[in-house]
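Q: Here's my sequence, what's the structure:
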Amino acid sequence: MAGQTPWSGDTVADVMTHAVAAVGRDASVDEVVETLHARRVSALPVLAGDGRVIGVVSEADVLAAELPDGPGDTTALTAGRLMSSPAVTVHPEAALAGAARAMLLREVKRLPVVDADGHLRGIVSRADVLKIFLRGDDDVARHVRFELLAALDPQTAAGIDVAVAEGRVHLSGRIPEVPGTSVLTRLVQGVPGVVDVAVDPVPLA
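A: Okay, the predicted model is just below:
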């Protein structure tokens with residue numbers, strides 16, 4: 001579809017990690033800590049016996065339990081008692097933009113990915129989402145030109161000069177009146193890696 005960007009079409013399944021560290025609800029505090037450190041993650045999905053995600057236990061949960069006003073003897077605590085529940089999860093076919101929004105709104109760094117029955121299928125992190133935006137200026141410029149070609153006829157697109165510096169796109173040259181500056185700006189803003197758009201048209205002869 002003309003004007004559609006990879007960001008608008010990407011799903012969680014495109015970037016999620018399939019090999020996921022998790023613990024059962026009966027895992028001890030020591031097991032949780034060891035798994036967190038071994039896998040170098042800050043949180044773990046907690047699973048029921050059938051593999052369904054029932055919560056998430058994090059470093060912050062463990063630390064809170066060890067504070068002076070915590071529950072006391074942490075050796076008796078389990079992942080099931082420490083976890084945040086219900087877990088904020090996402091499905092593999094969910095739009096990546098929606099997953100990113102959920103992480104920001106819920107202030108979490110990763111989301112367990114589950115199937116329709118709630119079974120763990122992977123995990124998606126903020127780092128996974130950000131990979132889409134970590135692109136060089138040359139890649140961004142090529143993508144912008146591709147989107148212009150998709151939205152405009154070749155001759156019109158060829159009359160637009162594209163310059164990119166640190167993710168900031170500058171369109172100049174023969175900017176067409178149709179579809180217009182505002183439409184082209186929105187089109188370019190949708191390209192992954194673009195942080196700002198400036199349009200400096202040269203009047204058409």
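Q: where in this structure is pLDDT low?
A: For the chain, the stretches flagged by pLDDT under 70 are 1-9, 67-75, 132-135, 202-205.
Q: where do the strands sit along it?
A: 23-24, 43-47, 53-58, 110-114, 120-125, 160-165, 168-173, 196-201 (DSSP state E).
Q: Compare those strands and give me the one nearest Glu31.
A: Ranking these by their distance to Glu31 (criterion: Cβ to Cβ) puts strand 23-24 first, at 6.3 Å. Quick note: C-beta positions are derived from backbone N, CA and C, even for glycine.
Q: ok now the closest one, how far from the chain's centre?
A: 25 Å (Cα atoms, centre = their mean, to the nearest Å).
Q: what does it rub up against?
A: Surrounding strand 23-24, the residues in contact under the criterion Cβ atoms under 8 Å, 6 or more residues apart in numbering are Glu31, Val32, Thr35, Leu44, Pro45, Val46, Leu47, Ala48, Gly49, Val57, Ala79.
Q: quick check, nearest of those to Leu111?
A: Sorting the contacts of strand 23-24 by how near they are to Leu111, with Cβ to Cβ, puts Pro45 at the top with 9.5 Å.
Q: Now for that closest one, how many residues are close by?
A: Counted with other Cβ atoms under 10 Å, the neighbours of Pro45 add up to 26.
Q: List the residues that contact it.
A: For Pro45, the residues meeting the contact criterion (Cβ under 8 Å, 6+ apart) are Val20, Ala22, Val23, Val53, Gly55, Val56, Ala87, Pro112, Leu120, Ile123.
Q: Was I right to think the second one contacts His119?
A: No: using Cβ atoms under 8 Å, Ala22 is not in contact with His119, being 11.0 Å away.
Q: So for these two, which residue has more residues nearby?
A: For Ala22 against His119, the residue with the higher neighbour count under other Cβ under 10 Å is Ala22, and the figures read 19 against 13.
Q: what about the more buried one, distance to Ala48?
A: As defined by Cβ to Cβ, to the nearest Å, Ala22 lies at a distance of 11 Å from Ala48.
Q: rewinding a little: from the contacts of Pro45, which would you call buried?
A: Val20, Ala22, Val23, Val53, Gly55, Val56, Ala87, Pro112, Leu120, Ile123 (16 or more other Cβ atoms under 10 Å).
Q: Can you convert those residues into TSV and add a column each for distance to Arg39?
A: Shown next, in TSV, are the buried ones among the contacts of Pro45 (distance: Cβ to Cβ, whole Å):
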residue	distance to Arg39
Val20	9
Ala22	10
Val23	11
Val53	16
Gly55	17
Val56	14
Ala87	17
Pro112	14
Leu120	14
Ile123	11
